[in-house]
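Undergrad: Got a predicted model here, sequence first, then my questions.
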Amino acid sequence: MLLVSCYSMGHQPLVLATAQATLKAAGVPVSLVDTSLEVLDPASLRAHDCLAIAVPMHTALRLGAQVCRTARAQGFDGVICFFGLYAPLHRDHLFSCGADVVLGPDALDGLVAVAHQAPHGRVRAVAALHGVDGVGLVDQDAALPPPRPAATLPDRSGMHALAQYTALQVDGARTSVGYVETTHGCKHTCRHCPITPVYQGRFYAVDRDVVLRDVDALVALGARHITFGDPDFLNGPSHALRITQALAQRHPGVTWDATIKVEHLLAHAALLPVFKQRGCLFIVTAAESLSNVVLGHLHKGHTAADLDRALELVTQAGITLRPTFVSFTPWTTAQDLLDMCDWVDAHGLHGAVDPVQLAVRLLIPPGSALLVDHAHAPWMGPLDAAALTYRWTHPDPRMDALGRELGDLAAQAATAGNPPPQTLVDLMDVVRARLHAPRARHQPSGRAAPRLTEHWFC
């Protein structure tokens, strides 16, 4: 089987390492390709009877669909399988691109079944997979919900070196980063989140020994910082505490970051000083908006005032808070955007907010929970299959134009290697100019916060 990763937020792809371990244990020969770092060789493709494409996020899905189309155009007649969080949301589109099988996240038994049947050809392989847990087929109407993840230690052999992926940057120095997950899914059901329609409010803890042994392997490969990539690190607070305690004991000096909801930062504030002592450098939190109207539509479970309090608590603990935003939604007003710029200025967060966050636009994929309430909203447009999202138009035409401009400017600045704090200030100046607000006198403030060198979050 040829396993392909197209994009994994700049990290060595955990999804491939886990799939490789599972397949090898089942006696399946595996080859790996990470197309973010190398080109998929047609000769390599022809040497396999099954191509499995990992799609844990939106960008990976778009790139993976292109890999599938290219493979079919080059005459590949083996089984093509997509697996990962975004696969079941876009199953119809993936089948139209030439896929035979779609697997949700954690459906590793299904991946093994696909690999075992692939040598018999596409028709026989698909026919034999009916009823296998976690497998969606081209002739079925719906994919099954994701199974519980197996206790599989990822196999990172044959993968690119950590130095070729995102790094931790602190005061100009760069450190290799490893990526692990301690839980899958999420017990929260934020309306805009792709995890909601797939996991439907469920989450599962990954075996603690598996997580720690994977951390051991990453440290042996040179990692001196670990990103816990869970949708929310405090879905299971006791699990997180045990893992961070063991991490600090096994690898003193290794630092880490995690993603934690605002409401969990408030509910578990007592853990923040503990996390600091155990090496936490920064926490990513999905602030999404400073508008309570927008937060209500997204069912975020926190208010703008809660975000202020969370920032205060995290800062007091000596940890950097790195908020992320969905800056453009159908409910975001021009004043909301200006308020966000003022909030960043007031708190001196120029080094803690990545510039792209000022340009993020709401995605509404097929199956999104937002469609329950807003499928017939006046701003809702048709499904754009190529873009893998429903189109929507902001009631204020200035906002759509501004979002496109900010996205282009953020991408150009990242490509040019411009300092992110200055880029953010430049983008906020554009916001104020386009919305006819006075230009602020603030400049990038304070020392640059700890950050990963990868700017993009989806």
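TA: The structure has been received and is ready for your questions. Numbers count the residues shown, from 1 in each chain.

Undergrad: Please enumerate the helices of the stretch 301-450 of the chain.
TA: Here the stretch 301-450 of the chain has its helices, by DSSP state H, counting those that start in this stretch, at 304-316, 334-347, 370-374, 397-416, 420-434.

Undergrad: helices or strands up against the second one?
TA: In this case it means helix 334-347. helix 397-416, helix 420-434 (3 or more Cβ pairs under 8 Å, 6 or more residues apart in numbering; DSSP states H and E). Placement of C-beta: from N, CA and C, glycine included.

Undergrad: most neighbours per residue, which of these?
TA: helix 420-434 (a mean of 19; mean count of other Cβ atoms under 10 Å).

Undergrad: That helix to helix 334-347, inter-axis angle?
TA: Using axes from the mean of the first three to the mean of the last three Cα atoms, to 10 degrees, one finds that helix 420-434 and helix 334-347 are set 140 degrees apart in direction.

Undergrad: can you list contacts of helix 420-434?
TA: Contact with helix 420-434 is made by 337-338, 341, 344-345, 350-351, 353-355, 358-359, 398, 401-402, 405-406, 409-410, 413-414, 437-440, 442-444, 448, 451, 455, as judged by Cβ atoms under 8 Å, 6 or more residues apart in numbering.

Undergrad: Next, the contact list for residue 299, please.
TA: By Cβ under 8 Å, 6+ apart, the contact set of residue 299 is 189-191, 369.

Undergrad: actually residue 363, sorry about that
TA: 58, 192, 194, 389, 458 are the contacts of residue 363 under Cβ under 8 Å, 6+ apart.

Undergrad: The residues you listed, buried ones only, as a PyMOL selection?
TA: Applying 16 or more other Cβ atoms under 10 Å to the contacts of residue 363, the buried members can be selected in PyMOL as follows:
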select buried, resi 58+192+194+389
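
Undergrad: Identify, from the contacts of residue 363, the entry nearest to residue 241.
TA: residue 194 (27.7 Å; Cβ to Cβ).

Undergrad: need the contact list for the closest one.
TA: Remark: with contacts taken as Cβ under 8 Å, 6+ apart, residue 194 is in contact with 58, 85-86, 89, 363, 365, 368.

Undergrad: Any of these buried? List them.
TA: 58, 85-86, 89, 363, 365, 368.

Undergrad: Is residue 178 within a helix or a strand, and which one?
TA: Counting by DSSP states H and E, the element that carries residue 178 is strand 173-180.

Undergrad: Name the residues that touch that strand?
TA: Contacts of strand 173-180 (Cβ under 8 Å, 6+ apart): 8, 11-12, 14, 162-163, 165-169, 211, 214-215, 218-219, 221-229, 255, 452-453.

Undergrad: how does it look with 7 Å?
TA: Contact partners of strand 173-180, identified using Cβ atoms under 7 Å, 6 or more residues apart in numbering, comprise 11-12, 14, 162-163, 165-168, 211, 214-215, 218, 222-229, 452.

Undergrad: Alpha carbons only: can I get that strand in CSV?
TA: What follows is strand 173-180 as a C-alpha-only set of coordinates in CSV (Å, rounded to 0.1, in the frame of the first residue of the first chain):
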residue,chain,number,x,y,z
ALA,A,173,16.4,30.4,18.0
ARG,A,174,14.7,27.4,16.4
THR,A,175,14.0,24.0,17.9
SER,A,176,12.7,20.8,16.4
VAL,A,177,9.1,20.0,17.2
GLY,A,178,7.3,16.7,17.5
TYR,A,179,3.5,16.3,17.2
VAL,A,180,1.3,13.8,19.2
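
Undergrad: any idea which helix or strand comes after it?
TA: Following strand 173-180 in sequence, per DSSP H and E, is strand 183-185.

Undergrad: quick one, strands of the stretch 201-350 of the chain?
TA: In the stretch 201-350 of the chain, the strands defined using DSSP state E, counting those that start in this stretch lie at 203-205, 225-228, 255-259, 280-288, 320-325.

Undergrad: Domains in this protein, by residue range?
TA: Annotated domains of the chain cover 2-137, 162-452 [automatic domain parsing].

Undergrad: Endpoints of the longest one, how far apart?
TA: Read that as domain 162-452. End-to-end distance of domain 162-452 (Cα to Cα, to the nearest Å): 13 Å.

Undergrad: Tell me how far that domain lies from the chain's centre.
TA: Centroid separation between domain 162-452 and its chain, computed with Cα atoms, centre = their mean, to the nearest Å, is 10 Å.

Undergrad: Poorly predicted segments of the stretch 51-200 of the chain, please.
TA: For the stretch 51-200 of the chain, applying pLDDT under 70 flags the ranges 131-149.

Undergrad: go with 90
TA: Within the stretch 51-200 of the chain, the stretches with pLDDT under 90 are 59, 88-89, 91-92, 103-110, 113, 121-152, 171-172, 197-198, 200.

Undergrad: that older thread, quick check: buried residues in the strand holding residue 178?
TA: Residues of strand 173-180 classed as buried under the neighbour-count rule (16+ other Cβ under 10 Å) are 175-180.

Undergrad: Understood, closing this out.
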